[in-house]
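[1] Using only what follows, build the 3D model:
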Amino acid sequence: MANDADRLRGCIRDVVDFPRPGVVFRDITPLLADAAAFGLAVERIAGSFALGGADKVVGIEARGFIVAAPVALAMRAGFVPMRKAGKLPGSVEGRDYELEYGVARLEAHRDAIHPGERVLIVDDVLATGGTALAAIHLVERLGGKVAGLGFVIGLDALGGRGRLGGYEVVTLVDYE
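    Residues are numbered from 1 along each chain as shown. You can find the predicted model right below:
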């Protein structure tokens with residue numbers, strides 16, 4: 001797995017001072033453009049949760065969609081998009097959460113997850129954990145059981161993993 005992490009890390013670009021000065025943005029776009037690396041990331045996330053399985057895989061807008069959809073296919077599970085406010089048609093359930101620079105809202109269709117379904121939550125980056133906690137809350141409010149959370153990148157210094165105690169969390173590449 002260490003070699004896998006090194007392979008994936010080599011496909012992640014650091015963008016300095018984005019989206020604001022002092023921030024180093026970890027860009028997975030080069031990883032997505034490399035078919036072998038992208039396939040490896042999907043395989044590792046899906047494989048980490050294969051034993052317990054999942055009925056649905058939630059992808060968090062926007063880059064989480066890109067990773068979660070093929071994970072869902074690999075796991076033979078349905079895909080559920082969790083989107084920013086006002087992007088989904090029909091009846092939705094929502095949850096506000098705090099970001100480093102403000103407040104945001106995640107929404108999912110009320111009928112996307114059925115009571116008792118096992119749900120894997122997937123996103124590109126685990127930072128402070130605020131988005132992941134909002135996704136957990138929505139899954140549970142809709143009656144689902146969180147099977148775990150999978151991320152391509154973990155930013156350990158921001159403490160997100162610690163906020164997700166009690167849930168299985170898999171990150172493929174970790175940064176201090």
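[2] top helix in the protein by residue count?
    helix 35-48 (DSSP state H).
[3] so what does that helix touch, helix or strand wise?
    On a contact count with 3 or more C-beta pairs under 8 Å, 6 or more residues apart in numbering; DSSP states H and E, helix 35-48 meets helix 2-9, helix 29-33, helix 63-74, strand 145-155, strand 169-175. Placement of C-beta: from N, CA and C, glycine included.
[4] between these, which gets nearest to residue 47?
    helix 63-74 (8.2 Å; C-beta to C-beta).
[5] now the following helix or strand past the closest one: mean pLDDT?
    Next helix or strand after helix 63-74 toward the C-terminus (DSSP states H and E): strand 78-84. Averaging pLDDT along strand 78-84 gives 97.
[6] Poorly predicted segments of the protein, please.
    1-2, 100-101 (pLDDT under 70).
[7] So which residue is smack in the middle of it?
    Centroid check for the chain by C-alpha atoms, centre = their mean gives residue 123 as the closest residue, at 1.6 Å.
[8] Quick check: that residue vs residue 116, distance?
    23 Å (C-beta to C-beta, to the nearest Å).
[9] now swap in residue 110 and tell me
    Distance from residue 110 to residue 116, by C-beta to C-beta: 16 Å.
[10] quick one: which of the two has more around it?
    residue 110 (13 against 9; other C-beta atoms under 10 Å).
[11] Could you count how many residues lie near the closest residue to the more buried one other than its chain neighbours?
    Spatial nearest neighbour of residue 110, excluding adjacent residues (C-beta to C-beta, 6 or more residues apart in numbering): residue 91 at 4.7 Å. The number of residues packed near residue 91 is 8, by other C-beta under 10 Å.
[12] I figured residue 91 hits residue 109, correct?
    Yes - counting by C-beta atoms under 8 Å, residue 109 is a contact partner of residue 91 at 6.8 Å.
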